[in-house]
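Colleague: Fold the following and give me the result.
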Amino acid sequence: MLRIHEIKKGLGESQAVIPERIVRKLGVKGLEIQEYRLIKESIDARNKSDIKLVYSVDFIPSMPNRTVSETEKRLLSQCKNAKLETAPDMSYQPVPQGSEPMTNRPVIAGFGPCGMFAGLILAQAGYRPIILERGKPIEERVKDVERFWKQGILDGESNVQFGEGGAGLFSDGKLTTQIKDPRVRKVLEEFVQAGGPPDLLYKQKPHIGTDVLRRVVLSIRRTILEHGGEILFQSRLTGLEVSSDDDNVGTNGNSDKSGNKRIKAVLINGETSIATENLILAVGHSARDTFRNLYQSGVSMSQKPFSIGVRIEHPQAMIDASQYGSSRESSELGAADYKLSYRCGNGRGVYTFCMCPGGYVIGAASHEGHVVTNGMSYHDRGSALANSALLVDVRPEDFPDDHPLSGIDFQEKYEKLAFEAGGSDYCAPAQRVGDFLRGIDGAFKEDLKAGGVVEPEKSAEAQVSAGNLDPTYRPGVHWTELRTCLPEFAAIAMREAIPQLGRKLRGFDREDAVMTGVETRSSSPVRINRDEALVGNIEGLYPAGEGAGYAGGIMSAAVDGIKVAEEIIKKYHL
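Modeller: The predicted structure is shown next:
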């Protein structure tokens, strides 16, 4: 099979034209296409009056009186300028089992993307993992989240952060990643096999939506159970039992990890113990009590940069018009997205993150007395508004002290301030962009001048107008000044960046755009340290995924889960 790139078709043309376009591009007499499959579809919108869909395609060629192999060799030698190559094998290759016998079943803490795919790989290989999930199964979790959004009643163990599917379950369901890893294809194939749309395998920016993702996660859960895995819901990891140095002798008679301690068992809900020599930590970025317990147990951790900011909402029609021009209503294009960044005069980076076309801003708190925002879309991206995180980088030197968990303290401070600014009832503080840009005064003025930012005139009263664009956040918003619940450096940076981002995307800085605070959970402020074998400072402990500081979204977390599962398989045999 061969792979060819840059096969184009116009909007409104059927995909059935693709074989003819391949033949035309190669220009070889008598060539026919026996079969083909799409590998990648991207949008070329540089010319908004003539937008094209661009494909990479794997195909089997045919020519009279030649075998397929002979035809492929001729095309490769004759069409060297056609961006043609032998199609690589994209099938997932399971790793071979190791030599050490496994005494107890492996345990996975967390059933988000990382823990889910670690569990799936181990289950498919016959290792019958035990998966601990502190939250509830989807059927119950969705009801708890809806109650919070409608009534402001928060369940600290069943919410947008905790429960089956992890934080990604209530999101846009983006399946994009910047990592180049062959395991990405395995993740996408499993999503499709579990009920995801087939175009996940070739869309440049695949997205599944929270509604479809719920069905997919349920299907993956069933697959894990069918292969002998076990999932324990409402089972929170509360402690570790480790061997003493004197006991650290492996089954091969050699000392484990240079005499370091080894996992012997895990404690669940403070009362139940499960024996295991292997624990995959896939707890997500919001399991703050778990981080603190692990730190007290001697698990090595370090500070990690993250970001803080708000959710910003605009009309989706404005985004579509800006990105696609007159072609914006084509069903083939879908809701347009964007990705923007700006470097401030003081060196702070401001950027958009996890943009949700046709989506909603949601309440994502997991702790009582805190307000946290996030973005979510359904598969059809049918909302009239688009939203994105607008974030400013936070550095360890911004943290209160040098304690490894100090970044959590930083997050909690501003989440509590947001709760108070929103009225202390889980409504979120919100402000119009125009008001935010005009409403910085007092202590900010000198910092703004020092950064070369011109301070506009401000009315005597606080700028908290309601405007015409209705925010989507539930259970509701309280119009106020967002700078009361943001670090000064973040408010100053966003104030400088927004007009500049408006030059990159027309309308981004429009007066009535809604900013809703605060967004603090874009990534973990903690890294659980691990070595090249993906093992922490305690033998048998595998920190993984977004919470441990090794991933930044659904795909990278799932891939990291596969990698740690493979390390266990390579070490042990059944």
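Colleague: so where's the chain shaky on pLDDT?
Modeller: For the chain, applying pLDDT under 70 flags the ranges 245-259, 440-467.
Colleague: again, only using 80
Modeller: Low-confidence segments of the chain (pLDDT under 80): 244-260, 328-329, 439-468.
Colleague: Give me the domain ranges for it.
Modeller: Listed by automatic domain parsing, the domain ranges of the chain are 2-86, 104-302+524-573, 306-519.
Colleague: Out of these, the one nearest Gln97 is which?
Modeller: domain 104-302+524-573 (4.3 Å; CB to CB). C-beta coordinates here come from the backbone N, C-alpha and C atoms, glycine included.
Colleague: Between the two ends of that closest one, how far is it?
Modeller: Domain 104-302+524-573 has an end-to-end distance of 12 Å (CA to CA, to the nearest Å).
Colleague: Let's have the domains of the chain in a markdown table, adding distance to Gln97.
Modeller: Below are the domains of the chain laid out as a markdown table (distance: least, CB to CB, whole Å):
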| stretch | distance to Gln97 |
| --- | --- |
| domain 2-86 | 31 |
| domain 104-302+524-573 | 4 |
| domain 306-519 | 35 |
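Colleague: quick one, which of those domains is nearest to Gln93?
Modeller: When those are compared by CB to CB, domain 104-302+524-573 sits nearest Gln93, at 8.2 Å.
Colleague: Now tell me what touches stretch 511-519 from outside.
Modeller: 307-314, 361, 371-374, 389-391, 414-415, 417-418, 421, 428-434, 436, 467-469, 471, 473, 477, 482, 485-486, 507 (CB atoms under 8 Å, 6 or more residues apart in numbering).
Colleague: nearest to Val95, of the domains of the chain?
Modeller: Of all the domains of the chain, domain 104-302+524-573 comes closest under CB to CB, at 4.6 Å.
Colleague: since we're on Asn104, how many residues are nearby?
Modeller: A count of nearby residues for Asn104, using other CB atoms under 10 Å, gives 14.
Colleague: again, but for Phe59
Modeller: Phe59 - counted by other CB under 10 Å - has 22 other residues nearby.
Colleague: Same question for Arg292.
Modeller: Per other CB under 10 Å, the neighbour tally for Arg292 reads 12.
Colleague: swap in Glu567?
Modeller: Around Glu567 there are 18 other residues, counting by other CB under 10 Å.
Colleague: Begin at 11, not 1, for the rest of this chat.
Modeller: New numbering, starting at 11: the last item is Glu577.
Colleague: Excluding chain neighbours, what is closest to it?
Modeller: Leaving aside its chain neighbours, Glu577 sits nearest to Leu544 (5.1 Å; criterion: CB to CB, 6 or more residues apart in numbering).
Colleague: gap between that neighbour and Gly125?
Modeller: Using CB to CB, to the nearest Å, we find Leu544 at a distance of 14 Å from Gly125.
Colleague: These two: which has the busier surroundings?
Modeller: Counted by other CB under 10 Å, Leu544 and Gly125 do not tie: Gly125 has more neighbours, with 31 against 20.
Colleague: how about the more buried one, what does it touch?
Modeller: Contacts of Gly125 by CB under 8 Å, 6+ apart are Ile118, Ala119, Ile141, Glu143, Gly176, Ile290, Ala292, Ala554, Gly555, Gly571.
Colleague: Show me which pair in these is furthest apart.
Modeller: Maximum distance among the contacts of Gly125 (CB to CB): 15.0 Å, for Glu143 and Ala554.
Colleague: of those two, who's got more company?
Modeller: Just comparing Glu143 and Ala554: by other CB under 10 Å the higher neighbour count belongs to Ala554, 32 against 29.
Colleague: That one against Val569, yeah?
Modeller: No - at 10.0 Å, Ala554 and Val569 do not qualify as touching, with contact defined as CB atoms under 8 Å.
Colleague: intersection of neighbour lists for these two?
Modeller: When contacts are counted by CB under 8 Å, 6+ apart, Ala554 and Val569 have Ala561 as shared neighbours.
Colleague: Quick check: buried residues in the helix or strand containing Val155?
Modeller: Per DSSP states H and E: Val155 is located in helix 148-161. Using 16 or more other CB atoms under 10 Å as the test for burial, helix 148-161 gives Ile148, Glu150, Arg151, Val152, Asp154, Val155, Phe158, Trp159.
Colleague: between those, which is closest to Ile28?
Modeller: Set against Ile28, the nearest of these by CB to CB is Ile148 (37.7 Å).
Colleague: list the contacts for that closest one?
Modeller: Contacts for Ile148 (CB under 8 Å, 6+ apart) come out as Gly173, Glu174, Gly175, Leu179, Arg224, Val227, Leu228.
Colleague: quick one: it from Ala204, how far?
Modeller: 13 Å.
Colleague: In contact with Leu427, which residues?
Modeller: So Leu427 contacts Thr494, Cys495, Val528 (CB under 8 Å, 6+ apart).
Colleague: Using neighbour counts, trim those residues to the buried set.
Modeller: Cys495, Val528.
Colleague: list the buried ones in the one helix or strand Phe429 maps to?
Modeller: Secondary structure from DSSP H and E places Phe429 in helix 416-431. Within helix 416-431, the residues that qualify as buried are Ser416, Gly417, Ile418, Phe420, Gln421, Tyr424, Glu425, Lys426, Leu427, Ala428, Phe429, Ala431, counting by 16+ other CB under 10 Å.
Colleague: Excluding residues flanking it in the chain, which one is nearest the second one?
Modeller: Once flanking residues are discounted, Gly417 sits nearest to Pro535: 2.6 Å by CB to CB, 6+ apart.
Colleague: That neighbour contacts Met311, correct?
Modeller: No - between Pro535 and Met311 there is no contact under CB under 8 Å: 10.4 Å.
Colleague: more neighbours, these two?
Modeller: Higher neighbour count among Pro535 and Met311: Pro535, with 27 against 20, using other CB under 10 Å.
Colleague: OK, contacts around that one?
Modeller: Contact partners of Pro535, counting by CB under 8 Å, 6+ apart, are His295, Gln313, Lys314, Pro315, Phe316, Val404, Phe409, Gly417, Ile418, Phe420, Gln421.
Colleague: Which pair in those residues has the greatest spatial separation?
Modeller: Using CB to CB, the contacts of Pro535 span at most 15.7 Å, a distance reached by His295 and Phe409.
Colleague: The two - which one has more neighbours?
Modeller: Neighbour count, other CB under 10 Å: between His295 and Phe409, His295 has more, with 28 against 20.
Colleague: Could you report the distance from the more buried one to Gly359?
Modeller: The value you get for His295 to Gly359, if CB to CB is used, is 19 Å.
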